[in-house]
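Asks: fold the following, please.
(chains A, B and C)
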Amino acid sequence: MIGEGISRTDGPVKVTGRAHYSLERQEPGQALYGHIVGAGIGYGRIARIDASAAERVTGVHLVWTYHNAPDQGSPEGPEGDMMDRARPEFVSDRIDYYGMPVAFVIADSFEIARHAAGLVEVEYEAEPGRYVLATPAKTAQWKSETRIGDVDAIMAEAVNSVDQLYSTPYHFGQPMEPNACLADWRDGHLTLFLTAQMLNQLISGLAATVKLDRNQITIDSAYVGGGFGSKIVLHAEAVLASLATMHLNQPVKVAFTRRQIFTLVGHRPASISRVRLAATPEGQLTAVGHDAAIQISPSEAWDEAVSSVGRALYATPNLLTRQLHQTLDMKAAEPVRGPGELAGLMVFESAVDELAEQLGVDPVELRIRNDTDYDPDKELPLSGRRLVDCLREGAEQFGWSERPRTATRRDGRWMIGYGVASSMRGHFQTSAEALVRIDPEGWVLVRSDMTDIGTGTYTIVAQVVAEVLGVPMSVVRVELANSNHPKGNGAGGSWGAANTTVSVDRACSTLLERIRAAAGTTYNDIFAEVRRHFPDGLEAIGRQLAGSEDPNYQTFSQYTYGASFAEVGVDIDTGEVRLRRMLGVFAAGRILNRKTARSQLIGGMIWGVGAALHEEAAVDPRFGSWVNGDFAEYLIPTHADIPAIDAIMLDDFDERANHLGVKGIGELGAGGTGGSVANAVYNATGVRIRDFPITLGKLLPHLPRDR
Amino acid sequence: MKPFSYERPATPAEAIEAAARPGARIIAGGTNLLDLMKLGIEGPAHIVDINRIGLDRIEDTPEGGLRIGALVRNADLAAHPRVRQHYPVLTRALVSGASGQLRNKASVSGNLMQRTRCPYFYNTDMACNKRRPGSGCSAIGGVGHNFAVLGASDACIATHPSDMCVALRALDAVVEIESAGAKRSIAIADFHLLPGDTPHLETALQPGELITGIVLPSPLAGTQIYRKVRDRASYAFANVSMALVATVEHGEVVVERLAFGGLALKPWRVEAAERGPRDPDAIADIVLAGAKSCTETAYKLPLVSRMLAAALETVQ
Amino acid sequence: MTDTDGAVVEPVRVSFTINGGLLTLELDPRVTLATALREHLGLTGTKIGCDQGQCGACTVLVNGRRINSCLTLAVMHEGDSIATVEGLGTPEVLHPMQAAFIEHDGFQCGYCTPGQILSSLAVIEEIRAGMPSHVTGSLEGPVPLSDEEIRERMSGNLCRCAAYPNIIAAIRDYAGAKP
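Replies: Numbers count the residues shown, from 1 in each chain, chains lettered A, B, ... in the order given. Here you go, the predicted structure:
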């Protein structure tokens, strides 16, 4: 049962439109509609704000600005926890970032609320803001430094070396379901139907903001239309819907417009990397350096770990990785799928490709030659290290031996190239609990606050229960994503599947022990035994330790691994880049469901394609405003951009991760994939674009005229 | 969206009368107008829904051309047998634009009236002379790789987003217009206006006028090609697009018609480039006479001759 | 209802058929078809992803043709026949396309899925009717039911989970097409 490619149990409600996402929940009854007005400047203050015209619109219940907004909790300083901190709105006349809420309208209908929002008059005094990420100076104040040996000295003497600057743009999660909240204050209790990834962490910040006790708040996120990190942190829709329902004693629903998801939800920060590699002529790395500058905001410092991705990827006697935080007057950055890796591996694996080209060593072979089993940062052995297996299997299945020499293969007007890159993603473990109850009537109930954001949690939990208890999946009812359930620690960081299934498995084991103690070890029908010995049913809570408390994490450094192989075509006349095929091979512990796991890995790989070729959120350096804030201008891959793609999951079981052998896969696919696409573009054209994404406008000046 | 009253006339005459009301705006497919209304860029007081007034037929003209009703949907025009056979550049242009859903709804008259996708026009926090005459142009000095390189002014550097109009320009289409008691025709060349000092004036259509149809002259001989270059494979606006009609004379490929999208605020056609030089670079030099680019739009200039050279290679 | 700027919001009566049933509504004319379905009729299977015609999550069939329901006013649909995902199949009795999406895992979060499914049914009809697309070779012959044609035509339906290859597999399976 575990591992089988069983179709999603939530499939039937999703494909028939019966799955109700946040705003679609009917339980609270008719709700009022809120709409947020965002600041039209990047930095400065509100000189005048007048909501009277909006207030006069028939059907408007109230308009909040900083003049009349309810009292809220005070935010912590920049070092405060991302999840615990209060995030009050309308605190003062100050504008800290473009699009920051300046007014909130609540009305009888969506149309009235949005129209009235447009009638709020705001005059600003704009002040000069800092909006441009600069290339780090030599005297920069570096953070998060890992230093082994002397990279500078090796680089100074190296015959074979790469020392290049790369840049990656601001990047957004942009799930298809907008951030949205339906809030209902009733009998002193606040219920939120919220599209969210990590419920109990989010409640901390919400409680601090709206000044309630945690136990006065319930969040229900039964179906979540995609997360990718963008629904981890508390945002204005939840704060304002909560305050409004508490104030008006009516349910209130608020959704961000797509354009607001570019201003009110944090982004992956832009980065500028300097990657330095040195090697022997045979391709043995002698030095690895990665310095990365990233944007942070004055209020918060989300440390997008761009520079550290290569620390344990290859063996090297000399290592230097470090981060530089540049404070810009922009919205605070947040986790976006593959934090650190998506951008960091894309540039690091580009640099490795540059080294391979310079040495004349096959890029797969170069990576294999530098395999390691040791994490020099944690000073621990790597568990489940199977990068070489991924590379070898991928090279074989992809037909890597047919890779053309640089800029030599053509198919009509298309220049053809192959590229490879490694992926590596930390496997994290957090404390988690799950409840399993066997009902004498013949069904099993599972409860966790863990969410299914498209990850397949409903399905894999049912599979684990069915296998361990020996019951059909059809009698397993999985109730997730209610904050009153035992804490599963949410979907984020690729830890959800392992945390939850380990907890569920332990609960099931406890139940089995109790049944066997009462009924003996051989029985035919578990429900008959429960009826006989436990007529009221039987339940247990299973627990998973936090990684910091788990001996496995003190003795091994836990990662997942992968290799991706891409073939691209570049139109020699126009510079248009199109993916032709792609293969990923992954070693990520035991796979719980081969069907849903493959989907998630492929989805991640396509994120790599988007990062390499399409996605870039541009900031106007004069105003701090997002320039291309919609799906017509912020391009993500479409069907037509994605031809044949496959993901192979190696048979794997990492007993050092947990007793089920399971690790996470949500972010692994997105890891190095962008690098494989970028390297394929180089192989096709001989042109190296180090400023992502690789667009036709950047490639074209370097392409030959072919007449 | 500002409140508006709604009216659904049954005939073109009723529509013309209804559209004369103060603040009235005609809606056909609505795929551009409603987006702009939601964003507060358009705010009509009265909406005249012309979807039930007819004008949805494609007919042969006595001259051997085609008359396309104003409310023919983009998808139907692209699929029409005579368009496919005799005006393939138009079919190719239409199907390279937008998505299947949008092409099912969008009308040909609405496509003529489509407004720019300049991101500074779309962002109401930014100065834009189209949205608010005299407010300035934030796009100048701004960020974007899709600004105009031809026909722009100090007041506006936006481009026209339509694919269909580029093909219509190459085909010398004529726009038929009715107003109360009058009819007139405007050549497609004169329909869209360059920004000059008045970028808010976008077309030659006058208040009280209704587009009733588009007439295509009799078909052209030769090979017809539409090439759209864009940053992703589908569902994206053009960086540069090109409508080309070419023939072969004495073994030499001759450019008969050549129009470009993505270069200017109207489909860009320089007749002097047609039936003139044979060399793509020389033709491109004529097309691009007076072009001005910035760092981010500089790639568009070489793209013109590269696209043309590649297309001419395929003409036999 | 009178507004500050003196504009009068007159509700407009509109009647249309949804999934075979005739309905009459009195609506603020600003209400889009997508919002009418979701907020006035409780048919939340039609999703709003961008509300500006750039994602396809709101795709419905009107008189058999797929459109973005977010970019059309409900009152413009007098007398129209509208099909939403709720009219296709139920969790117990799935439409074969819905079953194919489940079998091939053509979704993850499921939010774009109703739009993908309605679009895919329309795409097959459009191909069979010989309507050309951007990738169609000859404009005069029949259009092949190829992966390339399906991908191009489905490109108006974004999926951020990026279930694209599985969606194509589901459509191919349903339509009995070869890769």
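Asks: show me where chain C has strands.
Replies: Per DSSP state E, chain C carries strands over the ranges C:12-18, C:21-27, C:59-62, C:65-68, C:81-83.
Asks: what comes into contact with the first one?
Replies: In this case it means strand C:12-18. B:6, C:22-29, C:37, C:41, C:43, C:74-75, C:77-84, C:87 (Cβ atoms under 8 Å, 6 or more residues apart in numbering or on different chains). For glycine as for every other residue, the C-beta is placed from the backbone atoms N, C-alpha and C.
Asks: likewise for the third one?
Replies: Identification of contacts with strand C:59-62 by Cβ under 8 Å, 6+ apart yields B:101, C:33-34, C:37, C:46, C:66-69, C:72, C:77, C:80-84, C:114-116, C:118-119, C:121-122, C:156-157.
Asks: now the residue of chain B found nearest chain C: closest residue in space that isn't a chain neighbour?
Replies: At 2.4 Å from chain C, B:Ser99 is the closest residue in chain B, using Cβ to the nearest Cβ. Distances taken as Cβ to Cβ, 6 or more residues apart in numbering or on different chains put C:Gly156 closest to B:Ser99, at 2.4 Å, once the chain neighbours are dropped.
Asks: find the closest residue to chain C in chain A.
Replies: Closest point on chain A to chain C, by Cβ to the nearest Cβ, is A:Gly17, at 1.9 Å.
Asks: next, that residue: phi, psi?
Replies: Main-chain dihedrals, A:Gly17, degrees, to the nearest 10: phi 70, psi 20.
Asks: give me the number of residues near the residue lying closest to it once chain neighbours are set aside?
Replies: Of all residues not flanking A:Gly17 in the chain, C:Gly45 sits nearest, at 1.9 Å (Cβ to Cβ, 6+ apart). Residues within reach of C:Gly45, counting by other Cβ atoms under 10 Å in any protein chain shown, total 27.
Asks: and A:Thr327, by the same measure?
Replies: Neighbours around A:Thr327, by other Cβ under 10 Å: 13.
Asks: beta partners for the residue nearest to the spatial centre of chain C?
Replies: In chain C, the centroid-proximal residue (Cα atoms, centre = their mean) is C:Thr59; its distance is 2.3 Å. Counting by DSSP bridges, C:Thr59 is bridged to C:Asn68.
Asks: which segments of chain C make up each domain?
Replies: The record's domain parsing of chain C by automatic domain parsing lists C:12-87, C:96-175.
Asks: still on that earlier bit, please report how far the residue nearest to B:Ser99 lies from A:Thr135.
Replies: Distance, C:Gly156 to A:Thr135, by Cβ to Cβ, to the nearest Å: 40 Å.
Asks: now the helices for the stretch 201-316 of chain B?
Replies: Here the stretch 201-316 of chain B has its helices, by DSSP state H, counting those that start in this stretch, at B:280-287, B:300-313.
Asks: how about these in JSON lines, adding mean pLDDT and mean neighbour count?
Replies: Conversion of the helices of the stretch 201-316 of chain B to JSON lines gives the following (pLDDT from 0 to 100; neighbours: other Cβ atoms under 10 Å in any protein chain shown):
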{"stretch": "helix B:280-287", "mean pLDDT": "98", "mean neighbour count": "19"}
{"stretch": "helix B:300-313", "mean pLDDT": "98", "mean neighbour count": "22"}
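Asks: nearest to B:Ile157, of those?
Replies: Judged by Cβ to Cβ, the one of the helices of the stretch 201-316 of chain B that comes nearest to B:Ile157 is helix B:300-313, at 12.2 Å.
Asks: now that closest one: how far from the chain's centre is it?
Replies: Distance of helix B:300-313 from its chain centroid, counting by Cα atoms, centre = their mean, to the nearest Å, is 21 Å.
Asks: same question for stretch A:60-75.
Replies: Centre to centre, stretch against its chain (Cα atoms, centre = their mean), the figure for stretch A:60-75 is 31 Å.
Asks: per-residue pLDDT of the residue nearest to B:Ser99, please?
Replies: C:Gly156 carries a pLDDT value of 98.
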